[in-house]
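J.: need the 3D shape of this:
(2 chains)
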Amino acid sequence: MISLGHYLVVSGMLFALGLAGVIARRNILIVYMCLEMMLSAANLALAGFSRFHLVNGLPDYAAQSLVFFTITVAAAEVAVGLAIIVALFRSKQSVDAGVVTKLQG
Amino acid sequence: MSVFTLEAGLALLGLVLLMIEAFQPDVSRRTLGLTAIAGAALALMLLPFCGTTLPAFMQPWHQLDTLALFYKGFALVTTLLVLWLTLECAPYLTRFTLEGKLAEMFSLPLIVCAGMMWMASARDLVTVFVTLELVTVSFYVLVAFARKSAFSLEAGVKYLILGALSTGVLVFGIAWIYGATGAMSFDGIAKALANPATSKATALFGAALLLCGLGFKVAAAPFHMWVPDVYQGAPTPVTVFLSVGSKAAGFVVLTRALDAFLVPGSIIASEVKALLLVTGSLTVLLGSLPAMFQTSVKRLLAYSSISHAGYLILALACRDSARFDLSSGGIVAFYLATYLPMTVLGFFGLGLMRVNGLGEDLKDFTGLAKRNPLLALLVTISFASLAGLPLTAGFLGKLFVFLGLADHGYWGALSCAVIAAAAGFYYYFKTILAMYTTEGTDVPALSFSVVTKTVAGVLALSILILGVYPKPLQKVLMPAPAAVAIK
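T.: Residues are numbered from 1 along each chain as shown, chains lettered A, B, ... in the order given. Here you go, the predicted model:
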């Protein structure tokens, strides 16, 4: 039987992997993928919590509605984000984090 | 007509302007900009006359209390000033945009404004999340808008990565708060947190993650590292918007969330308060101390914006301060109301210097008083107020925070805040002295339009008037008895 704990462990692992990727990877595209993974982790946790929080015998849909909003927002974020990353690639011919070091002080 | 029609109207106007730019390329930039300004001004004028009743289906996730209405006005005023500054900076900005176009710089601020206004009314985490993202995603575009400038593009990438990271942390925090309390609305969360049966570890984990996510948005330490880079790289009007609008939006959400987390009898109250005090103290120090060594004035203002976020967080940590008849949310709102004119005025100075072909470094400010005494005077008023000189608006905001900290006996945080304020005097007055003492080079006098002169003059006057006579603003922020009664 799969319990709430199982969902939370998987979600926590996804979140930790995503965070580790954001911190450790140098390629901005991969960093961006890791960020999306963190959002998925949050979605899984939300769906899990919602499924195991029964209201009148039914799952509580307050959290599941947030999952849909998160998916939509993530899509919008990817649309804008990829456009910016493409603009970066066009001007620098690279998407390595090392090319964005002009602003310092 | 109810207030929420204003938000819908602004968002619609933003979309219409976007369509006009796409399909009617011969409509001039100035027409678009002035239409946007007219729309925002109309909304601001209508705001006091709009009804505050809500249909029943909206009441669970929307509210129109004093604070919400105040922040709606705040968002509109900020947007108006940003739009005007954009129009004024247009000749400079268009050098760095694709085909010299600027339309999104007029339509996106309207959409951001609608998002911020909606956010001020949020009473559940779903609304908070969606409006916060509406604002943040629009800002990704705005920051990277001058994309032919390597600085703007780099700032855009940095803001994108860190903004998306904070979004991930924020949603994960919301999930865990929901897991602990079984509620998405602030009222439900407050009720569950006052119940000793709620799991403390889960709630604390969620609350900490949520505060981290919001900390990114308001530039709280240790999540402030993006601020100097992004503020410096972004086009100046966008920097103003980030520094004033985005910050105020973050703080209205923080105020609402903390009202729930620190409800009387809350099981996580002492931990959250300790977290706020530590973060606030760190933020004022990490904002003020590096600012002393900056050579770019734009970057200096970015650090100053971090330290102001620190004072605001410290104000939030002082709950139930009976002094001044203001709640801690009211003190934050007061501080932000004084922060608006002084910050916008400072950035107006920077933007106008840019348009006149000068840079943003300290050396460009030397001898400014010779070239344009009026601009130098305006920047002086702004910086003196940012430092917290008595008889300016900035002094009162800081005074409220310091007295609140002293009332609660938070001496550690108070000493950090005093050190930061002292450092602030050093770096603001260093700039002011540079403007007046050093001999001016033979650069031609700066010029700017009559409307800009008027706008900047009104901002400067409001700093001085608020500093001497703040009573009307305090009265606006006092919680109306009726608003408290509605639950």
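J.: any idea which element the closest residue to B:Leu83 other than its chain neighbours lies in?
T.: Nearest in space to B:Leu83, with sequence neighbours left out and distances taken as C-beta to C-beta, 6 or more residues apart in numbering or on different chains, is B:Ile37 at 4.9 Å. All C-beta atoms are positioned from the backbone trio N, CA, C, and that covers glycine. Element membership of B:Ile37 [criterion: DSSP states H and E] is helix B:29-46.
J.: hang on, isn't the residue nearest to B:Leu83 packed against B:Thr86?
T.: No: at 9.4 Å, B:Ile37 and B:Thr86 do not qualify as touching, with contact defined as C-beta atoms under 8 Å.
J.: the two: which is more packed in?
T.: B:Thr86 (27 against 21; other C-beta atoms under 10 Å in any protein chain shown).
J.: how about the nearest residue to that one, chain neighbours excluded?
T.: B:Thr86 sits nearest to B:Pro237 (C-beta to C-beta, 6+ apart), 4.3 Å away.
J.: just give the number of residues close to that neighbour.
T.: Neighbours around B:Pro237, by other C-beta under 10 Å: 26.
J.: quick one: contacts for it?
T.: B:82-83, B:85-86, B:89, B:93, B:105, B:347, B:351 (C-beta atoms under 8 Å, 6 or more residues apart in numbering or on different chains).
J.: please apply the same query to A:Leu17.
T.: A:34, A:37.
J.: try B:Ile111
T.: B:10-11, B:14-15, B:134, B:138.
J.: what's the helix or strand for it?
T.: Applying DSSP H and E, one finds B:Ile111 within helix B:104-120.
J.: show the average pLDDT along that helix.
T.: Throughout helix B:104-120, pLDDT has a mean value of 94.
J.: report the angle between whatever helix or strand comes next after it and helix B:104-120.
T.: Using DSSP H and E, the helix or strand that directly follows helix B:104-120 along the chain is helix B:125-143. Helix B:125-143 and helix B:104-120 are oriented at 160 degrees to each other (axes from the mean of the first three to the mean of the last three C-alpha atoms, to 10 degrees).
J.: so what's the gap between helix B:125-143 and the chain middle?
T.: 14 Å (C-alpha atoms, centre = their mean, to the nearest Å).
J.: packing partners for it?
T.: helix A:61-92, helix B:104-120, helix B:150-181, helix B:236-240, helix B:247-261 (3 or more C-beta pairs under 8 Å, 6 or more residues apart in numbering or on different chains; DSSP states H and E).
J.: relative to A:Thr101, which of those helices is closest?
T.: Closest of the helices and strands packed on helix B:125-143 to A:Thr101 is helix B:150-181, at 8.0 Å (criterion: C-beta to C-beta).
J.: does chain A sit close to that closest one?
T.: Yes: interface with chain A: helix B:150-181 contributes B:150-151, B:153-158, B:160-161, B:164-165, B:167-169, B:171-172, B:174-176, B:178-179 (C-beta under 8 Å from any C-beta of the partner chain).
J.: for chain A, what's its nearest residue on chain B.
T.: B:Gly168 (3.3 Å; C-beta to the nearest C-beta).
J.: now that residue. Nearest residue, chain neighbours left out?
T.: Closest residue to B:Gly168 apart from its sequence neighbours, by C-beta to C-beta, 6+ apart: A:Met38 at 3.3 Å.
J.: quick check, distance from the helix or strand encompassing the one you found to the centre of its chain.
T.: A:Met38 belongs to helix A:28-51 when assigned by DSSP H and E. For helix A:28-51, the distance from its own C-alpha centre to the chain's C-alpha centre is 4 Å (C-alpha atoms, centre = their mean).
J.: state the mean pLDDT of it.
T.: Regarding helix A:28-51, the rounded mean pLDDT is 94.
J.: got the buried residues for it?
T.: The neighbour-count check on helix A:28-51 (16 or more other C-beta atoms under 10 Å in any protein chain shown) flags A:28, A:31-32, A:34-50 as buried.
J.: kindly report the same for stretch B:34-46.
T.: Neighbour-count burial for stretch B:34-46 [16+ other C-beta under 10 Å]: B:35-37, B:39-40, B:43-44.
J.: low-confidence ranges, chain B, go.
T.: B:320-325, B:438-446, B:479-487 (pLDDT under 70).
J.: one step back: quick check: next helix or strand after the helix holding A:Met38?
T.: Heading C-terminal from helix A:28-51 (DSSP H and E), you reach strand A:54-55.
J.: contacting residues around that following strand?
T.: A:Asp60.
J.: quick one: name whatever helix or strand follows that strand.
T.: strand A:58-59.
J.: and that next one, anywhere near chain B?
T.: No: judged by C-beta under 8 Å from any C-beta, strand A:58-59 makes no contact with chain B; its nearest approach is 11.5 Å.
J.: that strand: how far from the chain's middle?
T.: Centre-to-centre, strand A:58-59 and its host chain are 26 Å apart (C-alpha atoms, centre = their mean).
J.: give me the sheet partners of it and which way each runs.
T.: strand A:54-55 (antiparallel) (DSSP bridges).
J.: re earlier: most surrounded residue in the contacts of B:Ile111?
T.: Top of these by neighbour count (other C-beta under 10 Å): B:Leu10, with 27 neighbours.
J.: just the buried residues of stretch B:185-193, please?
T.: For stretch B:185-193, by 16+ other C-beta under 10 Å, it's B:185-193.
J.: got it, and stretch A:80-91?
T.: By neighbour count with 16+ other C-beta under 10 Å, stretch A:80-91 contains the buried residues A:80-81, A:83-85, A:87-88.
J.: what is the helix or strand harbouring B:Phe216 packed up against?
T.: Taking DSSP H and E as the criterion, the element that holds B:Phe216 is helix B:200-218. Contacts defined by 3+ C-beta pairs under 8 Å, 6+ apart place helix B:200-218 against helix B:150-181, helix B:247-261, helix B:269-291, helix B:297-317.
J.: redo those helices as CSV? Include mean neighbour count.
T.: Formatted as CSV, these follow (neighbours: other C-beta atoms under 10 Å in any protein chain shown):
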stretch, mean neighbour count
helix B:150-181, 25
helix B:247-261, 25
helix B:269-291, 21
helix B:297-317, 27
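J.: select, out of the ones you listed, the one closest to B:Gln24.
T.: helix B:150-181 (26.5 Å).
J.: just checking, the residue of chain B closest to chain A touches A:Ser40?
T.: No: with contact defined as C-beta under 8 Å, B:Gly168 does not count as touching A:Ser40 (9.2 Å).
J.: ok so, going back, angle of the helix holding B:Ile37 against helix B:104-120?
T.: Helix B:29-46 runs at 20 degrees relative to helix B:104-120, counting by the same axes, to 10 degrees.
J.: show me what contacts the residue in chain A that chain B sits nearest to?
T.: Of all residues in chain A, A:Met38 sits closest to chain B, at 3.3 Å by C-beta to the nearest C-beta. A:Met38 makes contact with A:14-15, A:18-19, A:22, B:165, B:168-169, B:172, according to C-beta under 8 Å, 6+ apart.
J.: can we see that at 10 Å?
T.: A:14-19, A:21-22, B:164-165, B:167-169, B:171-172 (C-beta atoms under 10 Å, 6 or more residues apart in numbering or on different chains).
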